[in-house]
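S.K.: no FASTA, just this:
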């Protein structure tokens, strides 16, 4: 069976629906792991155990009554501290917002709550999400859980480190120039930067008065422990924001093909302007070879 803290979110959700795993049980397991593992990693910087426990108990009561209100029903999660979270300190990693407690959730946070997730904490980041590592003056430095002497990447470094350490079911990060993708790669987890515009980005804290409008270029997306989780989570996150819902709708097209052999795959593995390390190049070449063996032209 393994440790349920390290299961994919998809597997956890199925176990909760089946009554094999309790939401409060999983929450307490995560809180225990945070007590034991987080001091060295410093990924989770704010926790609301009392509020989360009330929500988890309500989720377990719904399960007992045969009700499962959403695809993320009962999953305890943390979110990047750049996302406004109602009733929970949300700082953007900046001392100017050190005591900021929003009254309203960011759109992405509201979406996962509506799908049944239990938000119990926030994860670390650089000031205003503006770096490739995850340090700020409020919470200090987040370390890579695989090697505490190395960084987890940024700016969603705390988010990726929390997923890799088994401190949360999944995470929501933000990305302009790699802020989901780089930490996912550094920490060995799965991350997805959605196409711009398909996930509403209200509630993003990148300056003192941030969150009231949707920022240019930035996107919000999931970090998780499986590709299947990313598909599940994008289905929850994608759609118009509350201010746009009357004017438009989102209909993602189906895949063009069902078989890998029907796609053409190009691999650009090195460039004079950005040399790729030999060890990284070997992994990329292996991946390209595996795609070719699987039938990709």
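M.R.: Received, thanks. If you're wondering where the values come from, they're calculated on a predicted model, not measured in any experiment.

S.K.: just the helices in the stretch 51-200 of the chain please.
M.R.: 107-114, 157-165, 181-187 (DSSP state H, counting those that start in this stretch).

S.K.: so for residue 41, which of the ones you listed sits nearest?
M.R.: helix 157-165 (5.5 Å; Cβ to Cβ). C-beta: built from backbone N, CA, C; applies to glycine.

S.K.: which secondary structure elements does the closest one sit against?
M.R.: helix 23-41, strand 44-47, strand 76-80, strand 118-123, strand 171-175, helix 181-187, strand 219-224 (3 or more Cβ pairs under 8 Å, 6 or more residues apart in numbering; DSSP states H and E).

S.K.: out of those, flag the one nearest residue 263.
M.R.: Evaluated with Cβ to Cβ, the helices and strands packed on helix 157-165 place helix 181-187 nearest to residue 263, the distance being 20.9 Å.

S.K.: so for that closest one, mean pLDDT?
M.R.: Averaging pLDDT along helix 181-187 gives 97.

S.K.: can you check stretch 23-30 too?
M.R.: Mean predicted lDDT for stretch 23-30 stands at 98.

S.K.: that older thread, with mean neighbour count and distance to residue 195 added, can I get the helices and strands packed on helix 157-165 in a markdown table?
M.R.: A markdown table is the format used below for these (neighbours: other Cβ atoms under 10 Å; distance: least, Cβ to Cβ, whole Å):
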| stretch | mean neighbour count | distance to residue 195 |
| --- | --- | --- |
| helix 23-41 | 18 | 31 |
| strand 44-47 | 22 | 29 |
| strand 76-80 | 31 | 19 |
| strand 118-123 | 28 | 24 |
| strand 171-175 | 29 | 11 |
| helix 181-187 | 24 | 14 |
| strand 219-224 | 28 | 8 |
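
S.K.: turn those into TSV, including distance to residue 102.
M.R.: Output for the helices and strands packed on helix 157-165, formatted as TSV (distance: least, Cβ to Cβ, whole Å):
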stretch	distance to residue 102
helix 23-41	22
strand 44-47	12
strand 76-80	12
strand 118-123	11
strand 171-175	15
helix 181-187	24
strand 219-224	15
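
S.K.: any idea which of those gets closest to residue 209?
M.R.: If we rank these by Cβ to Cβ, the stretch that ends up nearest is strand 171-175, at 17.3 Å.

S.K.: output the contacting helices and strands for the closest one.
M.R.: If contacts are counted by 3+ Cβ pairs under 8 Å, 6+ apart, strand 171-175 sits against strand 76-80, helix 107-114, helix 157-165, strand 219-224.

S.K.: residue 280 and residue 237: what is the separation?
M.R.: Residue 280 is 30 Å from residue 237, where distance means Cβ to Cβ, to the nearest Å.

S.K.: between those two, who's got more neighbours?
M.R.: Remark: of residue 280 and residue 237, residue 237 carries more neighbours, 22 against 13, as counted by other Cβ atoms under 10 Å.

S.K.: surely the more buried one is in contact with residue 223?
M.R.: No: Residue 237 is beyond contact range of residue 223, at 11.8 Å (criterion: Cβ atoms under 8 Å).

S.K.: what is in contact with those two at once?
M.R.: residue 172 (Cβ atoms under 8 Å, 6 or more residues apart in numbering).

S.K.: give the contact list for the residue nearest to residue 291 when sequence neighbours are not counted.
M.R.: If the residues on either side of it in the chain are set aside, residue 291 comes closest to residue 265, at 5.4 Å by Cβ to Cβ, 6 or more residues apart in numbering. Neighbouring residues of residue 265 by Cβ under 8 Å, 6+ apart: 288, 291, 296, 297.

S.K.: that older thread, nearest to residue 19, of the helices and strands packed on strand 171-175?
M.R.: Of the helices and strands packed on strand 171-175, the one closest to residue 19 (Cβ to Cβ) turns out to be strand 76-80, at 16.8 Å.

S.K.: tilt between that closest one and helix 157-165?
M.R.: 150 degrees (axes from the mean of the first three to the mean of the last three Cα atoms, to 10 degrees).

S.K.: name the helices or strands packed onto strand 76-80?
M.R.: helix 23-41, helix 107-114, strand 118-123, helix 157-165, strand 171-175.

S.K.: element containing residue 271?
M.R.: In this structure, residue 271 is located outside every helix and strand according to DSSP states H and E.

S.K.: can you list the helices and strands packed on strand 171-175 in CSV and add distance to residue 33 and mean pLDDT?
M.R.: Below are the helices and strands packed on strand 171-175 laid out as CSV (distance: least, Cβ to Cβ, whole Å; pLDDT from 0 to 100):
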stretch, distance to residue 33, mean pLDDT
strand 76-80, 11, 98
helix 107-114, 20, 97
helix 157-165, 7, 98
strand 219-224, 17, 98
